[in-house]
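Enquirer: Sequence first, then the predicted structure, then my questions.
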Amino acid sequence: MVHVTSEGTTIGKITEVEAYIGPFDAAAHTYKGKRTNRTEVAFGPGGYAYVYLIYGMYYCFNVVTNVVEKPEAVLIRALEPIDGIELMKKRRNTDKLKNLCSGPGKLCQAMAIDKSINQVDLCAGKLYILYKDNIPKEDIITTPRINIDYAGEAKDYPWRFLYSCELI
DNA sequence: CAAGTGATTAGC
DNA sequence: CTAATCACTTGC
């Protein structure tokens, strides 16, 4: 995942994500097709960013994944810093490497993601995601999602995926 | 481990 | 209009 800004470029390898399958997922903002101003972008085509503010102070970065009228998205929960680390440290105001991107709110701060990123085309802008081939399936760890206790039975769905996450 | 924080939403 | 909610972090 790469973000080019006027301050510099930051690059991080995605190590942790969660899937949200809109209509069938009590943890998703788009559960049962619920459609609001905020979730509108999730109903659009895939490849777009969905960014929103949570708990008053932190942004979360999602990638819309399906086609129009299918509100599905992937929440990026953690990155491993690859480049622009000094810039990340400055933005996060810390020196600890593993404290830079080890959480949804943290990585948004480190990558300078905020509301202006919302609804951005990830295939045409300064923020984009590169594809890594040949990732062995056995290197992907699958677990239930976290911090969604309110979601009832949906909280047990194994839709959290970790890869190469020794920094977390 | 507890509390802060404010946009967003649903409910009058 | 108002009140309740929340895909988290930090500092004690």
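Expert: Yep, it's here. Fair warning: this is a prediction, and the values are worked out from it, not measured in the lab. Numbers count the residues shown, from 1 in each chain, chains lettered A, B, ... in the order given.

Enquirer: tell me the centre residue of chain A?
Expert: Against the mean C-alpha coordinate of chain A, by C-alpha atoms, centre = their mean, the closest residue is residue A:76 at 2.0 Å.

Enquirer: hey, what's that one bridged with?
Expert: Residue A:76 forms beta bridges with residue A:17, as assigned by DSSP bridges.

Enquirer: list the contacts for it?
Expert: A:1, A:14, A:16, A:17, A:61, A:62, A:63, A:104, A:107 (C-beta atoms under 8 Å, 6 or more residues apart in numbering). Every residue, glycine included, has its C-beta placed from N, CA and C.

Enquirer: Residue A:116 looks like it's in a strand, true?
Expert: No: in this structure, residue A:116 is helix, not part of a strand, as judged by DSSP: H, G, I helix; E, B strand; the rest coil.

Enquirer: and it, how many neighbours?
Expert: Per other C-beta atoms under 10 Å, the neighbour tally for residue A:116 reads 9.

Enquirer: Please apply the same query to residue A:96.
Expert: Residue A:96 has 9 nearby residues by other C-beta under 10 Å.

Enquirer: just the one 3 residues further on next, same as before
Expert: When neighbours are counted by other C-beta under 10 Å, residue A:99 registers 15.

Enquirer: wait, what's in contact with it?
Expert: A:92, A:106.

Enquirer: Could you measure from residue A:78 over to residue A:94?
Expert: Here residue A:78 is placed at a distance of 15 Å from residue A:94 (C-beta to C-beta, to the nearest Å).

Enquirer: between the two, which one's more packed in?
Expert: residue A:78 (23 against 14).

Enquirer: Shouldn't that one be within a helix?
Expert: No: read with three-state DSSP, residue A:78 is strand and lies in no helix.

Enquirer: Would you agree it is in contact with residue A:15?
Expert: Yes: in this structure, residue A:78 is within contact of residue A:15 by C-beta atoms under 8 Å, at 5.0 Å.

Enquirer: Low-confidence regions, chain A specifically.
Expert: Counting by pLDDT under 70, the ranges of chain A that qualify are A:165-168.

Enquirer: where exactly do the strands run in it?
Expert: A:2-5, A:8-21, A:49-54, A:58-64, A:72-83, A:127-128, A:140-143, A:160-163 (DSSP state E).

Enquirer: Could you list every helix and strand in contact with the fourth one?
Expert: Read it as strand A:58-64. In terms of contacts (3 or more C-beta pairs under 8 Å, 6 or more residues apart in numbering; DSSP states H and E), strand A:58-64 is packed against strand A:49-54, strand A:72-83, helix A:104-110.

Enquirer: other SSEs contacting the shortest one?
Expert: On a contact count with 3+ C-beta pairs under 8 Å, 6+ apart, strand A:49-54 meets strand A:58-64, helix A:104-110.
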